[in-house]
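Asker: Build the 3D model from these lines:
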Amino acid sequence: MQKIQIEIQALRSQIAALRQERQQFNIKTVTSKDDSPIAIADAVRRIARENAHLSAEVKGIDDAIAALEAQLHQKQGKLEYSQKRHPIEQQVEEGRIRAHVHAERINELAAELAKEVKELKAIADEISPSYWQVYYKPFITGFQSIYVPYVRSDGDVWTIVNRIV
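Answerer: Presented below is the predicted three-dimensional model:
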């Protein structure tokens, strides 16, 4: 929600900057109470033709303002929707986000642990015959039942399973 608020503030400041820039381009129109609508339209067209580059730039600024205002309304709608959501739903969604971070970390650690166990087993397999000859007992036992946790999700339900290393 805070991200949307930051985006809304950035859009507002950009729109304000564009409006200020737009005001610097004063295209003067000749309007008086005695002029007919046709005369006013002709005057505006004549001024636009005389200042074609300026008119194009003003049009571009107006188009940019309109596009940013559309984005602003969309973001404000998202913000209002998220604020209207039931507080329990918000808590659940925030909890899911936090849990996802921890689940990813568990899976990373499980992968590291599985790698370490496999390397230890390789060393044990390498030295076990010699270890028996020296100490008359096994070096390490229990490799058939080594498990590491793994978190998986089908989208709604998360499951912690034990994977055999």
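
Asker: Quick one: the helices in this structure, in order.
Answerer: Along the chain, the stretches classed as helices by DSSP state H are 2-24, 37-50, 52-84, 87-135.

Asker: Any idea which of the ones you listed gets closest to Thr159?
Answerer: Thr159 sits nearest to helix 87-135 of all those, at 10.3 Å, using C-beta to C-beta. Backbone N, C-alpha and C define where each C-beta goes, glycine included.

Asker: now that closest one against helix 52-84, angle please.
Answerer: Angle between the axes of helix 87-135 and helix 52-84 is 80 degrees (criterion: axes from the mean of the first three to the mean of the last three C-alpha atoms, to 10 degrees).

Asker: relative to helix 52-84, how tilted is the lowest-mean-pLDDT helix or strand in the chain?
Answerer: Within the chain, no helix or strand scores below helix 37-50, which has a mean of 80 by mean pLDDT, DSSP states H and E. Here helix 37-50 runs at an angle of 100 degrees relative to helix 52-84 (the same axes, to 10 degrees).

Asker: Can you give me the buried ones in helix 37-50?
Answerer: Within helix 37-50, the residues that count as buried by 16 or more other C-beta atoms under 10 Å are Ala43, Val44, Ala48.

Asker: Kindly report the same for stretch 133-146.
Answerer: Phe139, Ile146.

Asker: Please work out the average pLDDT along it.
Answerer: In this model, stretch 133-146 carries a mean pLDDT of 86.

Asker: Contacts for it next, please.
Answerer: By C-beta atoms under 8 Å, 6 or more residues apart in numbering, the surrounding residues in contact with stretch 133-146 are Val117, Leu120, Lys121, Ala124, Ile127, Ser128, Tyr131, Trp132, Ile164, Val165.
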